[in-house]
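[1] Structure for this input, please:
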Amino acid sequence: MCFGTGFATLEISAILDGSADEIRENAIIKEVAIDSRLVVDFKAALFICMPGQRRQGYEFIEGLYQSGVRHFVVQKNTPYDRLPGATYFEVINPLDALQQLAAHYRKKW
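    Numbers count the residues shown, from 1 in each chain. From the prediction side, this is the model:
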């Protein structure tokens with residue numbers, strides 16, 4: 001999902017009920033992805049770590065981080081390594097978080 005003008009990370013934190021552990025910078029997010037292979041603008045991407053049957057979304061954090069992604073939505077109590085300079089939005093359910101972002105985007109535009 002691509003956002004035209006984007007959302008600031010502080011706005012995303014508010015949409016997701018202040019779920020960010022620490023926002024490193026108030027970056028503009030223009031892209032939300034749930035598939036690491038489909039990320040286009042790594043520096044302006046928010047990756048939502050969805051649970052899956054074969055692979056878990058958090059398993060892709062390190063590779064995406066190496067490519068330049070610094071913003072991630074992860075499920076609370078997920079065993080992931082925190083990387084320096086990255087922002088993690090911890091939520092109860094990543095699918096609900098995606099739906100909240102989409103609903104906010106629809107209302108805004």
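
[2] hang on, isn't A45 packed against V32?
    Yes: using C-beta atoms under 8 Å, A45 makes contact with V32 at a distance of 7.4 Å. Every residue, glycine included, has its C-beta placed from N, CA and C.

[3] now the helices: where do they sit in the protein?
    Remark: helices assigned in the chain by DSSP state H are 9-15, 61-67, 94-108.

[4] Quick check: which of those helices is nearest to A27?
    Minimum separation from A27 across the helices of the chain (C-beta to C-beta) falls at helix 9-15, 5.1 Å.

[5] Tell me the helices and strands packed up against the closest one.
    For helix 9-15, the packing partners by 3 or more C-beta pairs under 8 Å, 6 or more residues apart in numbering; DSSP states H and E come out as strand 28-33, strand 87-91, helix 94-108.

[6] Least confident secondary structure element in this protein?
    When each helix and strand of the chain is scored by mean pLDDT, DSSP states H and E, strand 2-8 comes last, with a mean of 66.

[7] In space, what's closest to R82 - neighbours in sequence excluded?
    Spatial nearest neighbour of R82, excluding adjacent residues (C-beta to C-beta, 6 or more residues apart in numbering): Y88 at 6.7 Å.

[8] Enumerate every residue touching that neighbour.
    20-21, 72-74, 80, 82 (C-beta atoms under 8 Å, 6 or more residues apart in numbering).

[9] are any of those residues buried, and which?
    20, 72-74, 80 (16 or more other C-beta atoms under 10 Å).

[10] could you dump those residues to CSV with pLDDT and distance to K108?
    Formatted as CSV, the buried ones among the contacts of Y88 follow (pLDDT from 0 to 100; distance: C-beta to C-beta, whole Å):
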residue, pLDDT, distance to K108
A20, 71, 19
F72, 95, 22
V73, 95, 19
V74, 94, 24
Y80, 83, 30
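
[11] Between the residues you listed, which sits nearest A103?
    V73 (14.9 Å).

[12] Hmm, Y58 and that closest one touching each other?
    No: the pair V73 / Y58 is not scored as a contact, 10.0 Å apart, by C-beta under 8 Å.

[13] Overlap of the contact sets of those two?
    C49.
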